[in-house]
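Colleague: coords please:
(one chain, ligands or ions: 1)
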Amino acid sequence: MRIADLISNASRQFLSMEFFPPKQRDTWPQFFAEVEKLKALNPLFVSVTYGAGGGTQANTLDVVTHLKREMGLNPMAHLTCVGASSTALRGFLRDITEAGIDNVLALRGDPPRGVPDFRFEDQEFQHASDLVRFIQSEFPEMGIGVAGIPTMHPESATLEDDIKWLKHKVDCGGQFVVTQLFFENRLYMDYVTRLRERGVTAPVLPGIMPVLTMKSAEFIAGLNGRAVFGGFYETLEAAFLKGGDEAVRELGLAHASRQVQGLLDAGVPGVHLYTLNKSEACLAILDNINLR
Ligand SMILES: Cc1cc2nc3c(=O)[nH]c(=O)nc-3n(C[C@H](O)[C@H](O)[C@H](O)COP(=O)(O)OP(=O)(O)OC[C@H]3O[C@@H](n4cnc5c(N)ncnc54)[C@H](O)[C@@H]3O)c2cc1C
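Modeller: This is a model prediction of the structure:
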């Protein structure tokens with residue numbers, strides 16, 4: 001079933017979860033065991049990344065197939081179009097359709113590493129909206145999600161500009177939005193207000209990730225900029241100086257729990273958890289907010 005329909009039929013607020021396919025296949029049994037623990041939280045859907053950090057299309061396909069067939073979950077496959085041909089994209093979409101997958105998160109992706117003169121203008125697919133249109137025309141039954149960044153995509157000149165293109169992506173056939181992680185709910189609330197003012201009515205699912213180590217906070221800041229943290233980065237730094245990663249973990253879990261609770265209280269349809277393939281932190285958050 002399409003996720004947009006699941007969302008509109010949901011009788012209560014829900015959780016969804018993101019996983020990435022571990023590179024080493026011999027670690028997949030442990031990975032699936034982690035997913036099994038999170039299955040107890042009854043996620044509306046789970047999503048599986050594609051390509052990021054060197055992952056392969058085959059891994060994404062095999063993981064979503066396993067999650068669907070062996071574990072009875074409702075998986076969504078991420079799909080990037082950067083540097084891809086329509087033949088390759090069509091092949092992947094056929095494969096997931098055959099595996100019974102009903103939903104795709106349609107993404108552009110980042111330029112390939114080590115190709116300094118890479119030009120999006122020369123590509124068959126230049127923007128995620130091109131992929132959305134492609135899926136819509138060739139696989140009309142497929143549910144389509146798109147990505148949104150409350151602090152704007154780093155390539156955008158202004159947030160207003162970025163929102164204009166997000167609206168375009170939705171107008172091309174994106175049925176719901178999953179946001180990039182953020183650490184201040186105000187960033188999400190302001191973003192949704194601006195999207196609504198622009199006429200975007202699609203559900204916008206907030207993406208939440210608990211920070212468990214200072215190294216991961218640094219990594220997130222490097223990838224997305226410090227803006228995603230609001231003022232939380234400095235708080236984490238101070239905690240790290242006093243109590244190391246143990247203090248960071250405690251703070252990160254408490255902060256993510258407050259964020260999830262705040263979002264639910266504000267009436268979001270559901271919360272999308274970036275699990276990093278680890279059940280413990282997500283289960284701890286859910287214990288704190290007592291949703292279980
Ligand atoms: C929830 C989520 C999940 C993700 N999962 C993955 C994953 O699994 N694998 C992976 O490799 N990456 C993933 N990413 C990262 C994503 O691929 C990058 O952020 C990428 O740089 C942009 O992808 P996009 O789909 O947002 O692109 P787009 O929507 O195409 O936007 C990219 C930039 O182009 C602008 N733009 C968009 N359309 C137009 C247009 N028609 N004309 C002019 N400008 C335009 C936008 O404003 C923005 O600045 C994910 C990101 C998010 C938020």
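Colleague: what residues does the stretch 101-250 of the chain have near the ligand?
Modeller: 107-110, 127-129, 147, 149, 153, 155-156, 162, 165, 168-169, 178, 180, 207 (CB under 6 Å from any ligand atom). Placement of C-beta: from N, CA and C, glycine included.
Colleague: among those residues, the buried ones, what's the ChimeraX command?
Modeller: What follows is the ChimeraX syntax selecting those of those that are buried according to 16 or more other CB atoms under 10 Å:
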select :107,108,109,127,128,129,147,149,153,162,169,178,180,207
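Colleague: which parts of the stretch 1-150 of the chain are strands?
Modeller: Listed from the start of the chain, the stretch 1-150 of the chain has strands (DSSP state E, counting those that start in this stretch) covering 14-19, 45-48, 75-80, 103-107, 143-148.
Colleague: would TSV of those strands with mean pLDDT be doable?
Modeller: Putting the strands of the stretch 1-150 of the chain into TSV (pLDDT from 0 to 100) gives the following:
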stretch	mean pLDDT
strand 14-19	97
strand 45-48	98
strand 75-80	98
strand 103-107	98
strand 143-148	98
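Colleague: so which of those gets nearest Lys37?
Modeller: strand 14-19 (11.2 Å; CB to CB).
Colleague: I'd like the distance between the closest residue to Asp110 other than its chain neighbours and the ligand.
Modeller: Counting by CB to CB, 6 or more residues apart in numbering, Asp110 lies nearest to Val82, which is 6.8 Å off, once chain neighbours are set aside. Using CB to the nearest ligand atom, to the nearest Å, Val82 is found at 7 Å from the ligand.
Colleague: cool, Glu141 as well?
Modeller: Taking CB to the nearest ligand atom, one finds Glu141 at 22 Å from the ligand.
Colleague: count of neighbours near the closest residue in space to that residue that isn't next to it in sequence?
Modeller: Once flanking residues are discounted, Glu141 sits nearest to Asp102: 7.5 Å by CB to CB, 6+ apart. Residues lying near Asp102 (other CB atoms under 10 Å) number 20.
Colleague: quick one: pLDDT of Leu291?
Modeller: At Leu291, the pLDDT value in this model is 60.
Colleague: same question but for Val115, I mixed them up
Modeller: For Val115, the predicted pLDDT is 87.
Colleague: re the thing from before, contacts only, for the residue nearest to Glu141.
Modeller: By CB atoms under 8 Å, 6 or more residues apart in numbering, the contact set of Asp102 is Met1, Arg2, Ile3, Asn74, Glu141, Met142, Gly143.
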